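K.L.:
structure here, sequence nowhere to be found:
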């Protein structure tokens, strides 16, 4: 007899499915709406990225406890802790741009006679 899938596992699967749907929608939205969605996703307090960061941090606490009991290798805890820290750093970096995205999202969509000039892209490396 097979065991039913626990609710938290089904919830994780459903969230993953919905994130895929959101990405599909995002790729087809007009720029102002896409900016609104991205701003909400990046919100460190109520957005998806903040939620994922919190989830990974919670997983790290679980993994630490299990590693101390010998049920998980310490490397699992260390990897989750590192991922949690890096996600936290990215969340802070992206939070700097939330206001700009919200401002772009509040602008009405306009059709320009000529396309705007592309902005030069700068790659910033930390380390």
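P.N.:
Now that the structure is in, tell me what you want to look at. This is a predicted model, so every value here is computed, not measured.
K.L.:
and what about the residue most central in space within the chain, helix, strand or coil?
P.N.:
In the chain, the centroid-proximal residue (Cα atoms, centre = their mean) is residue 49; its distance is 2.9 Å. Recorded secondary structure, residue 49: helix (DSSP: H, G, I helix; E, B strand; the rest coil).
K.L.:
shaky segments in the chain?
P.N.:
Along the chain, the parts satisfying pLDDT under 70 run over 1, 109-116, 122-127.
K.L.:
how about the helices in it?
P.N.:
Along the chain, counting by DSSP state H, helices occupy 7-26, 31-42, 48-69, 74-95, 98-106.
K.L.:
identify whichever of the ones you listed lies nearest to residue 117.
P.N.:
The closest approach between residue 117 and any of the helices of the chain, judged by Cβ to Cβ, belongs to helix 31-42 at 15.7 Å. C-beta here means a position set from N, CA and C on the backbone, and glycine is covered the same way.
K.L.:
in that closest one, what counts as buried?
P.N.:
When burial is assessed from 16 or more other Cβ atoms under 10 Å, helix 31-42 yields the following buried residues: 34-42.
K.L.:
the residues you listed: which two are farthest apart?
P.N.:
Maximum pairwise distance in the buried residues of helix 31-42, criterion Cβ to Cβ, is 12.3 Å, between 34 and 42.
K.L.:
now the buried residues of helix 31-42 as CSV including distance to residue 57?
P.N.:
What follows is those, written out as CSV (distance: Cβ to Cβ, whole Å):
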residue, distance to residue 57
34, 28
35, 28
36, 27
37, 24
38, 23
39, 23
40, 21
41, 18
42, 17
